[in-house]
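Trainee: Sequence and predicted structure, then a few things I'm wondering about:
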Amino acid sequence: MRRHRGLALTELLLGTFLASALGLLLITWEGEVLRVFNRSSAWLLAFQRGRRVLAFIESRALHTGLGLFACREEEALRRAFARRLSGGPSIPRLLTVYQDKPILMTPVTEKDGAFRGTALGLLHAHPSGVMVKRMGAPSAVPEGKALFSVLSGDRTVSLSRAGFRTGDRTDLTSWCALPLAGMPFYIHSLSGKTLSLSLASTVEAPVAVPLINELYCLRYEQFCVLNGNLVFRGMTREWSPCYPREEGVLALWVEWRPKIRVLDLWVLTTGGPAFQGRTNRPEEWPEDAPWEEDFSRRTLCVSRASWRLENT
C-alpha cells in the first residue's frame, strides 16, 4: 500500500510538471505567434501604403508631357505659355524635381546627368472627350485665332465638365493641348458651337493642326511628404492648398535622368512602431535619400517604381 501511494504521488507530481511545462510552452508559442502576426501586419500595411502612393503618381507620370512634344525644353515651354509677356502659367518644366528642405519646393539642379530630390512636379495631360473640327487654315500662327467647331457634347457642359475655363491666360485650365499639334493652346471663347483657340504670341513659328482633334486637359501638380503624409497640390491661377493623400509616408526620393527619359521613385512607408528594438536602415533605400533617427523606431517598407516617360 505504501509503495502504491508513493507511485501515485510521483505520477501526480510528474503529471503536474508536464502539464505546467506544456502550458508554459503554449503561452510562449502563442506570444511568439502574436508577435509574428503583428509584425507581418505592420509590414503589410506599410507595403500597401507604398503601392498606393506609386499607383497615384504613376497615372500622372505616364501622361507627363502628353501632347506637348514641341515644347519639351524649358525655354520652349516658357514661350509656349507666354509667361514673360502676358503672365501665363508659371511652369518651370514638364517634369521638375524639388527639395522640400530647408524651403519647401526648391527646384534642384542637374548633377551627373540626373536630377535628385525629395519632391516632384508634373505637367500632365488627359483626354477630355471633347472633339473639335478645324474650320480654317491647316496651321495656327502665333497670337492668331484658330476656329474649331465642337463635334460632341453640349457646348457649355462638355467644357465645364472636362475642367476647362475660358478667357484667363493666367489660369492653366484656360489652356488645352491638341495631341498631334504638340503645343498648348489658349482657350479664348466658345460661341454657339464655335471654339476659338490661339497660340501664345511668343511661339516662334506656325504649328500644323490636324483636321479633327480632341481637347486635352492640362494639369500641373506637385507631390511631397509633409508631417508623415503624402500630400499634393495643383495649380490653376494660384496654388491650391496641400491635400493629404496617404498617411504613413515618411519620405520620397526622386531621380530623373532626362537623357534617357527615365524617372525612378522610391517611397519609404511605415505600418507602425517597430517590434523588438530598432529597425535598421533598409538596403533598398538610396544612400542619398533622407534618413531621420525616428525612422529606426518604426516598421519600414521601401517601394520603388521606374518609368520611361516617352512624352518628355
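Mentor: It's in.

Trainee: any low-confidence regions in the stretch 1-150 of the chain?
Mentor: Scanning the stretch 1-150 of the chain with the threshold set as pLDDT under 70 gives 1-38, 83-88.

Trainee: 90 instead?
Mentor: 1-43, 74-75, 78-79, 81-92, 100-105, 128-130, 136-137, 142-145 (pLDDT under 90).

Trainee: again, but for the stretch 151-300 of the chain
Mentor: In the prediction, the stretch 151-300 of the chain carries residues with pLDDT under 90 at positions 151-170, 179, 189-193, 200-205, 235-239, 272, 274-280.

Trainee: Strands along that one, start to end?
Mentor: 175-177, 184-191, 194-198, 207-208, 212-226, 229-235, 243-247, 249-257, 262-273, 298-308 (DSSP state E, counting those that start in this stretch).

Trainee: Could you single out the most deeply buried of those?
Mentor: The highest mean neighbour count among these belongs to strand 175-177 (a mean of 26), with neighbours defined as mean count of other CB atoms under 10 Å. The C-beta positions use only the backbone N, C-alpha and C, and glycine is treated the same way.

Trainee: what lines up beside that one in the sheet?
Mentor: Sheet pairing for strand 175-177, assigned by DSSP bridges, gives strand 184-191 (antiparallel), strand 212-226 (antiparallel).

Trainee: Which one of those lies nearest to residue 105?
Mentor: Set against residue 105 and scored by CB to CB, the strands paired with strand 175-177 come closest in strand 212-226, at 6.2 Å.

Trainee: Could you give the separation of that closest one from the chain centroid?
Mentor: How far strand 212-226 lies from its chain's middle: 11 Å, per CA atoms, centre = their mean, to the nearest Å.

Trainee: That strand vs strand 262-273, what angle?
Mentor: Relative orientation of strand 212-226 with respect to strand 262-273: 40 degrees, computed using axes from the mean of the first three to the mean of the last three CA atoms, to 10 degrees.

Trainee: Give me the most central residue, this structure.
Mentor: residue 57 (2.4 Å; CA atoms, centre = their mean).

Trainee: which residues sit in contact with it?
Mentor: With contacts defined as CB atoms under 8 Å, 6 or more residues apart in numbering, residue 57 is in contact with 120, 122, 223, 265, 305.

Trainee: Ok, residue 126 next?
Mentor: The contact partners of residue 126, by CB under 8 Å, 6+ apart, come to 63, 66, 216-217, 219.

Trainee: For residue 232, which non-adjacent residue is spatially closest?
Mentor: Closest residue to residue 232 in three dimensions, ignoring its sequence neighbours and counting by CB to CB, 6 or more residues apart in numbering: residue 223, at 4.8 Å.

Trainee: distance of residue 276 from residue 297?
Mentor: Residue 276 is 12 Å from residue 297, where distance means CB to CB, to the nearest Å.

Trainee: Pick out whichever of those two has more residues nearby.
Mentor: It is residue 297, of residue 276 and residue 297, that has more neighbours when counted by other CB atoms under 10 Å, with 14 against 7.

Trainee: Quick check: the more buried one touching residue 274?
Mentor: Yes - in this structure residue 297 lies within contact range of residue 274 using CB atoms under 8 Å: 5.4 Å.

Trainee: Pipe the strands paired with strand 175-177 into JSON lines and attach distance to residue 234 per row.
Mentor: Converted to JSON lines, those look like this (distance: least, CB to CB, whole Å):
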{"stretch": "strand 184-191", "distance to residue 234": "16"}
{"stretch": "strand 212-226", "distance to residue 234": "5"}
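
Trainee: mind checking which of the ones you listed is nearest residue 78?
Mentor: Judging those by CB to CB, what sits closest to residue 78 is strand 184-191, at 11.6 Å.

Trainee: hmm, back to that, so for residue 116, which of the strands paired with strand 175-177 sits nearest?
Mentor: With CB to CB, the closest approach to residue 116 among the strands paired with strand 175-177 belongs to strand 212-226: 14.3 Å.

Trainee: May I have the closest one exported as PDB, CA atoms only?
Mentor: C-alpha atoms of strand 212-226 as PDB (Å, rounded to 0.1, in the frame of the first residue of the first chain):
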ATOM      1  CA  ILE A 212     -10.000  66.500 -86.200                       C
ATOM      2  CA  ASN A 213      -8.700  67.000 -82.700                       C
ATOM      3  CA  GLU A 214      -9.600  66.100 -79.100                       C
ATOM      4  CA  LEU A 215      -9.000  68.700 -76.400                       C
ATOM      5  CA  TYR A 216      -6.600  67.500 -73.700                       C
ATOM      6  CA  CYS A 217      -6.800  68.900 -70.200                       C
ATOM      7  CA  LEU A 218      -3.600  70.200 -68.700                       C
ATOM      8  CA  ARG A 219      -2.700  69.900 -65.100                       C
ATOM      9  CA  TYR A 220       0.300  70.800 -63.100                       C
ATOM     10  CA  GLU A 221       0.700  69.000 -59.700                       C
ATOM     11  CA  GLN A 222       3.400  68.700 -57.000                       C
ATOM     12  CA  PHE A 223       3.900  65.800 -54.700                       C
ATOM     13  CA  CYS A 224       5.900  65.700 -51.400                       C
ATOM     14  CA  VAL A 225       5.800  64.400 -47.800                       C
ATOM     15  CA  LEU A 226       4.500  66.600 -45.100                       C
END
